[in-house]
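Q: sequence first, then the predicted structure, then my questions.
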Amino acid sequence: MTLPENLPVDFTAYSNLTFLPLGRKNKSIRSVGSKHTKGLLGRLNDYFERAMNELSQEDIVLFQTFLLGSHRGGFPVAIDKNEEVIQKLLVFFKWKSLLKHHEVHIKEIQDKLCSLTTYQLNQRQVLQENDPFLSFIQKVLQVKTPNANLEVGSIQWFSQWDFPNVTLLQETNKFTCCMDPNEIEKKLTEISAKIENELHKQRQDLLSTPLKIGQITFDSNQMLRLLTLIDTLKNTETQQSYVQILEGVSTNSIRQKELDKIPAFGLLNSVKRKRIVTYLQGLQNYQLLKKEKKGFSLTPKGEAIRRLFEEESRRI
């Protein structure tokens, strides 16, 4: 890193310092403790600093992009004893190619994961965090690789790599055994089955476990009536009208519009008006509905759960 100008230390031997995790716990990192090695790296850096001054501005920008900085660059000398940086990067080309043949299956899994989120009212650990392979392929799909026509190891080649997290480079070794089309398909099938089971469990939990909002517990039938009210009226009525309908207050306006015939009419007739407003806020907190300029509307989550309750009521 470049030394800050306001650092209260008079140290001019090096204009740039790089801190490496050396020691027994990091045996794969090459030691630069000897004067000979320090001198060699210093001269190497000076050489490339002079070489960079002869590059075009376009190449310098590419170099700085690779170094993730805007200061003057030095050559990125590999510090791994086995010099595996390029080889590890090349592995992602193969992973990308392998996963391309499973795009449909991966898309199905992603859709099921979205459904999991839809039916999730209480926070749970997301499935991809539980399954290392699913987490890995999700990250691999986010990696942007260079143009295949570029020379491997060139400045342009390095500059076009984009990782969501560089620690992904260390994860490739864990899944080398999975780099086979049949093994990938097997893993994806297992993951898909897990998600399907979890999805079924979440649906059953929604249908069988009453939802508690404040001091009131709503069963699936009451939730269906409540969500259907929002779906029917949408943003055509004010919040006050919603509250009156749930209270069971039969005003002239409500009778004229025949809103007293809605199944949710009088659903909360034993609850104080102030509490009803609080319950509507609770439904917003669950992301089942959202407040509009006038009235409310169901969110995609709320609509999906309403349909689930509706299908169950028809089945019964």
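A: Received the coordinates, thanks. Numbering: from 1, shown residues only.
Q: what sits against the residue lying closest to Val91 once chain neighbours are set aside?
A: Nearest non-adjacent residue to Val91, counting by CB to CB, 6 or more residues apart in numbering: Thr172, 5.1 Å away. Using the backbone N, CA and C atoms, a C-beta is placed for each residue, glycine as well. The contact partners of Thr172, taken as CB atoms under 8 Å, 6 or more residues apart in numbering, are Lys88, Val91, Phe92, Trp95.
Q: looking at this, Thr172 is in a helix?
A: Yes - Thr172 sits within a helix when classified using DSSP: H, G, I helix; E, B strand; the rest coil.
Q: that one and Leu226: what is the separation?
A: Distance, Thr172 to Leu226, using CB to CB, to the nearest Å: 50 Å.
Q: same thing with Thr145?
A: From Thr145 to Leu226 the distance is 49 Å (CB to CB).
Q: looking at these two, which is more packed in?
A: Leu226 (27 against 16; other CB atoms under 10 Å).
Q: can you give me the strands in the protein?
A: 211-213, 216-218, 289-291, 296-298 (DSSP state E).
Q: low-confidence ranges in the stretch 101-250 of the chain?
A: Low-confidence segments of the stretch 101-250 of the chain (pLDDT under 70): 122-130, 155.
Q: burial of Met52, as a residue count?
A: For Met52, using other CB under 10 Å, the count is 16.
Q: my guess is Gly266 meets Ser250, correct?
A: No - contact criterion CB atoms under 8 Å: Gly266 and Ser250 do not qualify, at 9.1 Å.
Q: how about the helices in the protein?
A: For the chain, applying DSSP state H gives helices covering 35-53, 57-67, 85-100, 103-118, 127-130, 132-142, 155-159, 168-171, 181-208, 220-233, 239-247, 252-256, 273-285, 300-315.
Q: could I get the ones you listed as a markdown table with distance to Ile262?
A: Formatted as a markdown table, these follow (distance: least, CB to CB, whole Å):
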| stretch | distance to Ile262 |
| --- | --- |
| helix 35-53 | 74 |
| helix 57-67 | 60 |
| helix 85-100 | 50 |
| helix 103-118 | 26 |
| helix 127-130 | 38 |
| helix 132-142 | 44 |
| helix 155-159 | 62 |
| helix 168-171 | 53 |
| helix 181-208 | 23 |
| helix 220-233 | 6 |
| helix 239-247 | 6 |
| helix 252-256 | 9 |
| helix 273-285 | 15 |
| helix 300-315 | 14 |
